[in-house]
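> Let's see this in three dimensions:
(one chain, ligands or ions: 1)
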Amino acid sequence: MASPPSDSSLPITIHNINPKVLKCRCAIRGEIFSLAMKLQQELQANPGSHSFDEILYCHAGNPQSLGQQPITFFREVLALCDHPGILDRSETQDLYSSDAIERTRKILDQIPARATGAYSQSEGIKGLRDTIATGIEARDGFPAHPNDIFLINGASSAIDMMLQLLIRSESDGIMCAIPMFPLYTDFIALHGGYLVPYYLDEAAGWGLEISELQKQLGAARSKGINVRVLVVINPGNPTGQVLYEENQRDIVKFCKQEGLVLLADEVYQENVYVVEKKFQSFKKVSRSMGYGENDISIVSLHSISKGYYGECGKRGGYMEVTGFSADVREQIYKLACFNLCCNITGQILTSLIMSPPKVGDESYESFWAERDGILSSFARGAKTMEEAFNKLEGVTCNKGEGAMYLFPRVRLPLKAIKAAEAINAAPDDYYCRCLLNATGILVLPGSTTGQVPGTWHFRCTILPREDKIPAIVSRFTEFHKKFMDEFRD
Ligand code: DCS
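This is a model prediction of the structure:
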């Protein structure tokens, strides 16, 4: 490969690009990820060059990268939508389920010119938005309107779009939980806003206290920050907790009282693993409290990347925008128009996750078996890994109630902290690099998600295939023991 030109002779240098881009860190693909890529290349070029034979990507919520199979019904419909020429062939009737064929015909009828290769309406295909609205209604028991739904290329593009709309200057504040999903920090930096952090209570299972919200809101306002949005991720990333409905009601009340937009990131709504808790959308909770469109502004995000489907690479999802006036909505539509439209595959998949096979459909039983197989495997994975982390010296791990992650706390010995300082690394970053170098297991250091100062964590996904988990646990345990033996105070 040709080496890149030196930048001294070029008009654009690292010193004169948009400084807001420089501020972003893109933690999921940060330095530790580069180290993993380097190790992977070394393993490919020279098998046996490390004490492990593969990199285990436990740093991200990317299920299919870890071997999860896509849901058959969804892929049948996608394949047929993209190749409608085979719909009437006799082999197709044998190879594909009858409900996939029927669903494909219905979807194609909704797509302008039946063309999955044409731009669609910028907010998404109307018939698909109708299906999604019906799915939301069935989930919540309250009305949902297709005009409130914008189809998106993944929830990240909705976060980008809404923060672009709401951040006017660096004195506009966005409240986000710490520990947080770092994409929010990056988009706040990119749009030039102000991050107002609120801390989750680790000792209370990553609880979200209203008193903490009030404290941080007050502190920000006293600095002249105009706080506009409260972001709540439920089930939580990176912390894996699921909120109780009572807590959600208090959050809704808080947003109403303080005049904040509630940005409800609900991409993990299908990922709940404990019987005592259930996902409730914030819109449902607010409607059940009697708050209507005129009382509170809620943006609810959903994505095809998570749940039991894990279709991260297809890029799709929706945002449901309620409690915004018609002229503001017009501006959201304008932002959607900049993308021309989001990809049609993602749009179709979003309609499918909100309207899966029903009793009596040919695919019903196999679909539910695939779905339950995946979700129950996640639940077992969460439990096995949580128990394993809790057995490690100096490590405590809250229950993995939902989402796709555990976020254990690791009490690092002073000697390890000093070793990290010597190479200018955060202590948990150092720990995670040592883990990666010794075992090939990649996890995300807590210093990239934020944490109570002086505490150290890492985020580990619960997604590895179940047959791989015992080996991951034993490699991790062996590493941790050696690490502690080397650094114990
Ligand atoms: N919101 C949350 C809470 C997420 O966890 C993610 C992705 C997104 C939005 C954006 O997802 P899509 O754009 O794919 O819909 N989660 C990242 C993570 O933490 N690991 O991998 C991806």
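
> Read off the pLDDT value for Asn339.
Reported pLDDT at Asn339 in the predicted model: 88.

> For it, give me its contacts.
Residues counted as contacts of Asn339 (C-beta atoms under 8 Å, 6 or more residues apart in numbering) are Ser122, Asn153, Ser157. Bear in mind the C-beta positions are built from the backbone N, C-alpha and C, glycine included.

> check these against the ligand, which are close?
Checked against the ligand using C-beta under 6 Å from any ligand atom, the contacts of Asn339 give no members in range.

> Most neighbours among those, which one?
The member of these surrounded by the most neighbours (other C-beta atoms under 10 Å) is Ser157, with 22 neighbours in all.

> that older thread, between the contacts of Asn339, which has the least confident prediction?
Out of the contacts of Asn339, that is Ser122, at 92.

> quick one: low-confidence parts of the stretch 101-250 of the chain?
Flagging of the stretch 101-250 of the chain using pLDDT under 70 yields an empty set of residue ranges.

> What parts of it come near the ligand?
Applying C-beta under 6 Å from any ligand atom, we find that the stretch 101-250 of the chain lies next to the ligand at Gly154, Ala155, Ser156, Phe181, Ile233, Asn237.

> Let's see which of these end up in strands.
Mapping those onto strands (DSSP state E) picks out Ile233.

> Could you count how many residues lie near the closest residue to Glu212 other than its chain neighbours?
Sequence neighbours aside, Tyr198 is the residue nearest to Glu212 in space, at 5.2 Å (criterion: C-beta to C-beta, 6 or more residues apart in numbering). When neighbours are defined as other C-beta under 10 Å, Tyr198 has 23 of them.

> Mind checking what secondary structure Tyr198 has?
For Tyr198, the secondary structure call by DSSP: H, G, I helix; E, B strand; the rest coil comes out as strand.

> Please look at it and Ile178 and confirm they touch.
Yes - under the criterion of C-beta atoms under 8 Å, Tyr198 is in contact with Ile178, at a separation of 6.9 Å.

> give me the residue from the stretch 51-200 of the chain nearest the ligand.
Among residues of the stretch 51-200 of the chain, the one nearest the ligand by C-beta to the nearest ligand atom turns out to be Gly154. It sits 2.7 Å away.

> Next up, the contacts around the residue lying closest to that residue once chain neighbours are set aside.
Once its chain neighbours are removed from consideration, Gly154 has its nearest residue in Arg315; the separation is 4.6 Å (C-beta to C-beta, 6+ apart). By C-beta under 8 Å, 6+ apart, the contact list for Arg315 reads Asn153, Gly154, Ile304, Ser305, Cys342, Asn343, Gly346.

> again, only using 10 Å
When contacts are counted by C-beta atoms under 10 Å, 6 or more residues apart in numbering, Arg315 is found next to 152-157, 303-305, 342-343, 345-346, 349.

> That one and Gly124: what is the separation?
Relative to Gly124, Arg315 is positioned 13 Å away (C-beta to C-beta, to the nearest Å).

> what do these two both touch?
What both Arg315 and Gly124 touch, as defined by C-beta under 10 Å, 6+ apart, is the set Ile152, Cys342, Gly346.

> Inside strands: which ones of those?
With strands taken from DSSP E, the overlap with the shared contacts of Arg315 and Gly124 comprises Ile152.

> Out of the shared contacts of Arg315 and Gly124, who's the most crowded?
Of all the shared contacts of Arg315 and Gly124, Ile152 has the most neighbours under the rule other C-beta under 10 Å, reaching 29 neighbours.
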